[in-house]
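1. I would like to see how this sequence folds:
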Amino acid sequence: MAEKQKIQRATRYARPVVTRSRLMLETASELVGGDGWPYKQTLVQVREQGTAEWSLSFFASDSPEGIWEVGEKRADFAIINPAAPATLAFRGTGPFKQPLPLRAVTVIPSLDRIGFAVSKRTGLTSLLAIREKRYPLRVSMRGHLTHSVHLFIREVLVAAGFTLEEIGQWGGEVRYDDRVANGPKRMEALASGRIDAIFDEALSTWGNEALNSGMRFLPLDDPLLERLDAMGFRRAAITRMQCSKLDQDVTSLDFSGWMVFTRDDISHEIVRETGFPGRAKARSRSTACAGIRLKVLSKSLSTRRQHNTGASAAI
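-> Numbering: from 1, shown residues only. Predicted structure coming up:
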C-alpha cells in the first residue's frame, strides 16, 4: 500500500521540466539501443530552466573527436574507445599540437589489441619491412573514417617512417571497407587475393579467420615501440587470449578501455554528481573484462585547482 501511495504522489507532483527532459532522454536511449537505428552517437546538453547558456555537455563516441570537444570546452564529459588517444592529448603528442588539460573519470574495461596482419605470400615479417622493401601492399582499412583505429594506424606508420599515401605511391592500394575486419566484404577480398593486408582492432572477431587464411601479424620492434611509448601508446602483446590460433605472442599496441574523461576545470562535486564510476561498473561486461580490474580514478593525481575546482585523475 505504501508503495502504491508513493507512486501516486510521484505521478501527482510530477515536475513538467523533468518530464519533458526525461521523455527526450529516454526516447534517445531507446533509439540508440535499437539494432535497426543507424544513429548511435549522442550529444546531450543540460542547463537550468530559464537560462540561455548550456551548463554541461556530454558527448558519446568511439572517435578522438570527443578529445577536442572536451579540450576546447565544447563538451564537458566524453567517452572514447580506446583510452590511449587521451594520453597522447594529455602529453601533446601525435595529432595533438599542445597538451590538453584532460582528466580521467573512470574506465569501462575492455581487452583488445591493434593488429597489422599481412598475407604470408608477401614475405613480410615485420612492419618496418614494408618501408624497407617499399612493398606495394594492398591494405583493407575500417570504413568508419572517424574511428580511433585510424589515429593509431597513422601514428604507428609515421613512427615507422612511412605513410599510407606512400604505400599507394609504391604501387599498392589502401581501401576502406565496411564494418570490422570479419565483415564479409573484407574476408571475401582476402580469400580472392584482392587484398593482402588488414590493419584493424577487435582481433577476437577476425584474428583466427585471418590466421586460417594464411596471414600473420607483424610485430613491432623495440626501437619503434620506444618511440610509441614516448608518445603515450602502451605496448602489449597479441596473445592466444585474442587469437587462439597464434603460434606465439606478437608485440603490438594496447587498444583497451572505454574511458570517460573531462577537463581539469570541472569540479569534483560535478564529477561525483554524475555517478560515472558506478554507472561504468554496472555496464562492465565480463566477456570484455577478461581479468582487467575496473579502474575508478576518483582522486586527482594533480593538486591543481582553480577557484576551488578541479577534476578527477590526470591521465
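2. Select the helix or strand of this protein having the lowest average pLDDT value.
-> None of the helices or strands of the chain scores lower by mean pLDDT, DSSP states H and E than helix 286-289, at a mean of 38.
3. so where's this protein uncertain?
-> Low-confidence segments of the chain, defined by pLDDT under 70, are located at 1-14, 283-315.
4. What sits closest to the residue minimising distance to the centre of it if chain neighbours are left out?
-> Central residue check for the chain by Cα atoms, centre = their mean: the C-alpha nearest the mean position is that of Asn81, 1.5 Å away. Across the structure, with Cβ to Cβ, 6 or more residues apart in numbering as the measure, the residue nearest Asn81 apart from its sequence neighbours is Asp62 (4.4 Å). The C-beta positions use only the backbone N, C-alpha and C, and glycine is treated the same way.
5. What about Leu23, how many residues nearby?
-> The burial metric for Leu23, expressed as a neighbour count using other Cβ atoms under 10 Å, is 10.
6. Can you tell me how far Ile114 is from His147?
-> Going from Ile114 to His147 by Cβ to Cβ, to the nearest Å gives 11 Å.
7. Touching the lengthiest helix in the chain from outside, list them.
-> In the chain, ranked by residue count with DSSP state H as the criterion, the top helix is helix 16-33. Residues external to helix 16-33 that are found in contact with it (Cβ atoms under 8 Å, 6 or more residues apart in numbering): Trp37, Tyr39, Lys40, Thr42, Val44, Val46, Gln49.
8. State the next helix or strand along the chain beyond that helix.
-> On the C-terminal side of helix 16-33, the nearest following helix or strand under DSSP states H and E is strand 42-46.
9. Which neighbours in the sheet does that next one have, and how are they oriented?
-> Using DSSP bridges, strand 42-46 pairs in its sheet with strand 56-60 (antiparallel).
10. For the next helix or strand after the partner strand, C-alpha coordinates in CSV please.
-> Remark: after strand 56-60, the chain's next helix or strand is helix 65-71, criterion DSSP H and E. Written as CSV, here are the backbone C-alpha positions of helix 65-71 (Å, rounded to 0.1, in the frame of the first residue of the first chain):
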residue,chain,number,x,y,z
GLU,A,65,36.6,13.9,-31.7
GLY,A,66,35.5,13.9,-28.1
ILE,A,67,39.0,14.8,-27.1
TRP,A,68,38.9,18.1,-29.0
GLU,A,69,35.3,18.7,-27.9
VAL,A,70,36.2,18.5,-24.2
GLY,A,71,39.7,20.1,-24.5
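11. and the helix or strand following helix 65-71, what does it pack onto?
-> The element immediately downstream of helix 65-71 (helix or strand, assigned by DSSP H and E) is strand 77-80. For strand 77-80, the elements it packs on are strand 56-60, helix 65-71, strand 258-263, judged by 3 or more Cβ pairs under 8 Å, 6 or more residues apart in numbering; DSSP states H and E.
12. got a list of contacts for strand 77-80?
-> Contacts of strand 77-80 with the rest of the structure, by Cβ under 8 Å, 6+ apart, involve 56-64, 66-67, 69-70, 86, 105, 108, 148, 258-262, 266, 274, 276.
13. for the contacts of helix 16-33, which one is nearest Leu190?
-> Distance from Leu190 was checked for each of the contacts of helix 16-33 by Cβ to Cβ. The minimum falls on Lys40, at 27.1 Å.
14. Now that closest one: closest residue in space that isn't a chain neighbour?
-> Nearest non-adjacent residue to Lys40, counting by Cβ to Cβ, 6+ apart: Val32, 5.2 Å away.
15. Give me the neighbour count for the one you found.
-> Other residues within reach of Val32, judged by other Cβ under 10 Å, total 14.
16. Likewise for Arg235?
-> Neighbour count of Arg235, defined by other Cβ under 10 Å: 15.
17. Give me the nearest residue to it, chain neighbours excluded.
-> Beyond its immediate neighbours in the sequence, the residue positioned closest to Arg235 (Cβ to Cβ, 6+ apart) is Leu225, lying 4.8 Å away.
18. where does that neighbour fall, helix, sheet strand or coil?
-> For Leu225, the reduced secondary structure class is helix; criterion used: DSSP: H, G, I helix; E, B strand; the rest coil.
19. next one: Ile195
-> Taken by three-state DSSP, the conformation at Ile195 corresponds to coil.
20. start the count at 29, not 1, going forward
-> Done: numbering now begins at 29, and the last item shifts to Ile223.
21. That one: what's it in contact with?
-> Contacts of Ile223 (Cβ under 8 Å, 6+ apart): Arg166, Val167, Ser168, Glu201, Arg203, Arg214, Ala217.
22. who wins for most neighbours among the contacts of helix 44-61?
-> Each of those was scored for neighbours by other Cβ under 10 Å, and Val72 scores highest at 16 neighbours.
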